[in-house]
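Student: Here is a sequence with its predicted model. Questions after.
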Amino acid sequence: MIAARDLVVRRGERRVLDDVSLILERGMLTALAGPNGAGKTTLLSVLAGLLVPDAGGVSLEGVPLARLDRRERARRVAWLEQGARAAWGMTVREVAALGRLPHGDRGEAEVAAALAACGLEALAERRVDTLSGGEARRAMLARALATGEDALLLDEPAADLDPAQSFALMRLLRREAERGRVVAVVLHDLGLAARFADRIVLLAAGRIAADGPPEEVMTPEHAGRVFGVRIGTDAMPRVLP
Ligand SMILES: Nc1ncnc2c1ncn2[C@@H]1O[C@H](COP(=O)(O)OP(=O)(O)OP(=O)(O)O)[C@@H](O)[C@H]1O
């Protein structure tokens with residue numbers, strides 16, 4: 001598991017993470033949601049060990065991330081940054097294989113499994129700079145999948161994906177969680193979070209505003225307080241997963 005305790009990140013005078021504590025268990029799919037600027041990316045990058053907090057700390061299976069060398073951390077915690085895109089002419093397979101860099105091996109079986117999981121087998125030899133936005137997003141996801149042993153931390157992986165691909169992504173993440181990984185994912189699509197996540201952590205102004213199963217977190221009261229919008233349960237036609 002990944003445990004974060006009393007995290008504070010300051011940007012100038014402002015605390016963009018303000019005393020955040022949270023434990024991410026293996027086997028659970030956790031969605032991080034919240035308004036723009038709430039601190040989701042900041043939190044995920046601290047959890048990945050890429051940003052050192054001003055106070056507090058993060059541990060992976062009881063070992064402080066700061067004590068792991070960068071290579072080991074990169075092997076164990078896979079990270080997909082927001083808007084990640086490979087812009088040069090590598091093939092999809094080569095991009096996925098970048099996930100094996102911290103392992104120092106070719107990891108052909110892991111790369112093949114990641115490509116298959118992302119539905120990219122038919123595109124494996126295509127140059128990534130010829131892909132559609134959604135296909136390119138899946139190629140970057142395959143890179144993350146090929147890497148991580150313990151944890152997958154993904155920042156808005158569903159951006160650019162159509163409904164079928166979004167659902168496929170969430171099912172894939174559920175399977176990864178069920179295989180015993182820690183899986184945490186930033187989502188702006190609250191419907192997607194509500195349908196597929198085991199747990200939703202709602203961030204607002206650098207603090208945890210709500211944390212629990214979707215039915216407890218996705219309430220009209222939280223939506224009003226955190227996002228300033230009204231949500232209903234019956235007015236709109238719903239796409240079923
Ligand atoms: N390097 C930086 N310097 C100054 N302020 C920063 C820096 N990085 C982030 N911030 C600020 O910290 C706050 C939290 O940013 P963060 O990217 O974590 O938000 P977010 O919840 O991921 O937002 P979004 O949904 O828009 O991606 C924002 O107000 C942002 O402007």
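Tutor: Cool, the structure landed.
Student: Name the nearest residue to residue 102, sequence neighbours excluded.
Tutor: The shortest distance from residue 102 to any non-neighbouring residue, by C-beta to C-beta, 6 or more residues apart in numbering, is to residue 74 (3.7 Å). No exception for glycine: its C-beta is placed from N, CA and C like everyone else's.
Student: neighbouring contacts of the helix or strand where the one you found lies?
Tutor: Per DSSP states H and E: residue 74 is located in helix 70-76. Identification of contacts with helix 70-76 by C-beta atoms under 8 Å, 6 or more residues apart in numbering yields 48-49, 60, 65, 68, 101-103, 147-151.
Student: Next step: the residues you listed restricted to helices.
Tutor: Per DSSP state H, helices hold the following members of the contacts of helix 70-76: residue 147.
Student: between the contacts of helix 70-76, which is nearest the ligand?
Tutor: Of all those, the ligand sits closest to residue 48, with 12.7 Å by C-beta to the nearest ligand atom.
Student: Could I get the contacting residues of the closest one?
Tutor: Residue 48 neighbours (C-beta under 8 Å, 6+ apart): 73, 77, 79, 153.
Student: So for it, what's the nearest residue that isn't a sequence neighbour?
Tutor: Once flanking residues are discounted, residue 48 sits nearest to residue 79: 4.4 Å by C-beta to C-beta, 6+ apart.
Student: and that neighbour, how many neighbours?
Tutor: Residues within reach of residue 79, counting by other C-beta atoms under 10 Å, total 21.
Student: before we move on, what about residue 67?
Tutor: If you count neighbours by other C-beta under 10 Å, residue 67 ends up with 11.
Student: ok, it to the ligand distance?
Tutor: 25 Å (C-beta to the nearest ligand atom, to the nearest Å).
Student: cool, residue 220 as well?
Tutor: Taken as C-beta to the nearest ligand atom, the span from residue 220 to the ligand is 21 Å.
Student: quick one: secondary structure of the spatially closest residue to that residue that is not a sequence neighbour?
Tutor: Residue nearest to residue 220 in three dimensions, not counting chain neighbours: residue 231, with 5.6 Å by C-beta to C-beta, 6+ apart. Under DSSP: H, G, I helix; E, B strand; the rest coil, residue 231 falls in the coil class.
Student: Lovely, talk soon.
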